[in-house]
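Asks: Below: sequence and its predicted model.
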Amino acid sequence: MNETQPIAPIPSAPRPGFVQVSAALITIGAAAATIGIMLPGLIYWEVCFTAGSVLFVPPALYFLYQQYRSTFRHDSSAAARILAMCVAAACLVLVVTQTLGFAELRSSQSPLMVVAVVLAIDLTVLVVIVSHWRWYHQLRAANAEGYWPAASGSFSLKELLLAFGVLAVVLGIGIPLTKPNEGIRVNPQQTPLGLPSGAREVTYRRTSYTIRYQCHLDEASFLAWQAKRDDWEFEPISQASLKILSEDPATPLALVPHIVQSGWVYHWHVEDQGLTITYDRDEERLFYYSHSR
């Protein structure tokens, strides 16, 4: 008489815990934010900005896809790739935070706040790495017991909400940053620059290594703006010559000479970096020029 062989139970699907889901959302948010930050370089051409976008956006998209497959589709191979990418990214983040943190400690008036921020970032990175490592081994253990995720072309409500959330982060960060790299007599809101309060009719040109702009600014607003910067020591000038951006339609944004009869100037220069700010009292115009090479 044949004995009936017991049917092996079907292994249950592993479920990510709260910490793992939180770690996945942190990494997904970081990747989406990276895409948003790099979005302007994909829309407005500038050699270094566009090169940076082309360099960082594809890996960020790949990271998003693998994180989705790992956490929501229970793919152990994707979990292995995500773990490796998280470790590489964590090394970079830790180097950057420690370097910037020590540099900030030298000049900060709140060193405990700096230390707290650095420790919080380091702790978050550690939790993300450990949670991804545990999830990867959890998936491998499930595979060893016979569990393999079934292929499915449909998407759950959670997955659709995740997609909308990623899109919201990308556009929420990218759209405010996506502004032309140059303009003539535009409103401050149309520029990607940090301008003094009260600035108007802004003409500017921005590249990856230089920023040059000029705008109308009344004297009271200029004095209030420069008073907020203790490290900027402006000197009065009776006459000075400088190069400004042309607002003539025949020669747009070409460098042309300009004479300031009365006003103030601030100049800083170290090696190939420099900053020059000039204010023309007679015309009530501010001229700004910074470069990093």
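Replies: Looks like it arrived, so ask away. Numbering: from 1, shown residues only.
Asks: Show the pLDDT at Gly41.
Replies: What the model reports as pLDDT for Gly41 is 92.
Asks: Would you map the helices across the stretch 151-293 of the chain?
Replies: Counting by DSSP state H, counting those that start in this stretch, the stretch 151-293 of the chain has these helices, from start to end: 157-177, 219-227.
Asks: Distance to Ser131 for the ones you listed - can I get that in CSV?
Replies: The C-beta positions use only the backbone N, C-alpha and C, and glycine is treated the same way. Below are those laid out as CSV (distance: least, CB to CB, whole Å):
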stretch, distance to Ser131
helix 157-177, 17
helix 219-227, 46
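Asks: could you dump these to TSV with mean pLDDT?
Replies: Formatted as TSV, those follow (pLDDT from 0 to 100):
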stretch	mean pLDDT
helix 157-177	93
helix 219-227	93
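Asks: Save those as CSV, and put in mean neighbour count and distance to Glu271 too.
Replies: Output for the helices of the stretch 151-293 of the chain, formatted as CSV (neighbours: other CB atoms under 10 Å; distance: least, CB to CB, whole Å):
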stretch, mean neighbour count, distance to Glu271
helix 157-177, 14, 29
helix 219-227, 15, 25
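Asks: List just the one of the ones you listed that sits closest to Phe49.
Replies: Evaluated with CB to CB, the helices of the stretch 151-293 of the chain place helix 157-177 nearest to Phe49, the distance being 10.5 Å.
Asks: tell me what that closest one is packed against?
Replies: helix 18-43, helix 47-72 (3 or more CB pairs under 8 Å, 6 or more residues apart in numbering; DSSP states H and E).
Asks: Looking at the helices of the stretch 151-293 of the chain, which is nearest to Arg285?
Replies: Closest among the helices of the stretch 151-293 of the chain, using CB to CB: helix 219-227, at 9.5 Å.
Asks: give me every residue that touches Trp268.
Replies: By CB atoms under 8 Å, 6 or more residues apart in numbering, the contact list for Trp268 reads 274-276.
Asks: what's the closest of those to Thr191?
Replies: Leu275 (18.0 Å).
Asks: since we're on the closest one, how many residues are nearby?
Replies: 16 (other CB atoms under 10 Å).
Asks: hey, what's it bridged with?
Replies: Trp268, Ser290 (DSSP bridges).
Asks: hang on, it packs against Ser290?
Replies: Yes - between Leu275 and Ser290 there is a contact at 4.5 Å, judged by CB atoms under 8 Å.
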